[in-house]
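In: Sequence and predicted model, in that order:
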Amino acid sequence: MDISDIENVILFQIEKTNKTAKQYSQKELDRLNLGITVDQWVLLKIIEESNSTSQKEIALKSVRDPASITRTLDILVKKGLIIREAIPNNRRQYNIQLTQAGEFFVRQNMPIITEQRKQSVKGFTEKELTLLSGFLLRIQKNMT
């Protein structure tokens, strides 16, 4: 494979795939009038899976910088989907939790997300998906 052509560079292909997937998912969320971005969904799902978590943990899990996390969390608070609870004896951190509306929103829309995920791996066998996951994890490890 000639890696002098950008289209053949694996990291470029990964980035292009990520952007294509994000654009597809956002179009679907917009088409369904969910009033949420892909990035907002990702944070809601991380919070839902963690039950209660700090902003720092959310940033680590989402692989996003803390400043953009703060802005997105502010939007989710305004939408009534999450709350920030002060951590006793720590004025700099908060526990982030879903509100009842946030829990309902995630539960109600998870089938839509599941269908989008199925679409993204359509035509792959379980073995291929396992191999692909392993390859991607290996690239991540190589880069850290």
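Out: That came through, no problem. Residues are numbered from 1 along each chain as shown.
In: Give the buried residues for stretch 107-117.
Out: If you call a residue buried by 16 or more other C-beta atoms under 10 Å, then stretch 107-117 has these buried ones: N109, I113. Every residue, glycine included, has its C-beta placed from N, CA and C.
In: what helices or strands is the lengthiest strand in the chain leaning on?
Out: Looking across the chain with DSSP state E, the single longest strand is strand 90-98. Helices and strands touching strand 90-98, by 3 or more C-beta pairs under 8 Å, 6 or more residues apart in numbering; DSSP states H and E, are helix 38-50, strand 53-54, helix 55-62, strand 82-87.
In: Deepest in the core, which of those is it.
Out: Most buried of those by mean neighbour count (mean count of other C-beta atoms under 10 Å) is helix 38-50; its value is a mean of 19.
In: lowest average confidence, helix or strand, in the chain?
Out: Ranking every helix and strand in the chain by mean pLDDT, DSSP states H and E puts strand 90-98 at the bottom, with a mean of 84.
In: May I have the strands that pair with that strand, each with its orientation?
Out: Under the criterion DSSP bridges, strand 90-98 sits next to strand 53-54 (antiparallel), strand 82-87 (antiparallel) in its sheet.
In: Put the alpha carbons of the longest strand of the chain into CSV.
Out: C-alpha atoms of strand 90-98 as CSV (Å, rounded to 0.1, in the frame of the first residue of the first chain):
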residue,chain,number,x,y,z
ASN,A,90,-14.4,20.1,47.0
ARG,A,91,-15.4,23.4,45.5
ARG,A,92,-13.8,22.7,42.1
GLN,A,93,-15.5,19.4,41.1
TYR,A,94,-19.1,18.3,40.8
ASN,A,95,-20.8,14.9,40.4
ILE,A,96,-22.8,14.9,37.2
GLN,A,97,-26.0,12.9,37.1
LEU,A,98,-28.9,12.4,34.7
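In: Quick check: buried residues in that strand?
Out: So strand 90-98, judged by 16+ other C-beta under 10 Å, has buried residues Y94, N95, I96, Q97, L98.
In: Which single one of those residues is nearest to F105?
Out: L98 (8.2 Å; C-beta to C-beta).
In: residues touching that closest one, list them.
Out: L98 is in contact with L44, I47, E48, L81, I82, V106, counting by C-beta atoms under 8 Å, 6 or more residues apart in numbering.
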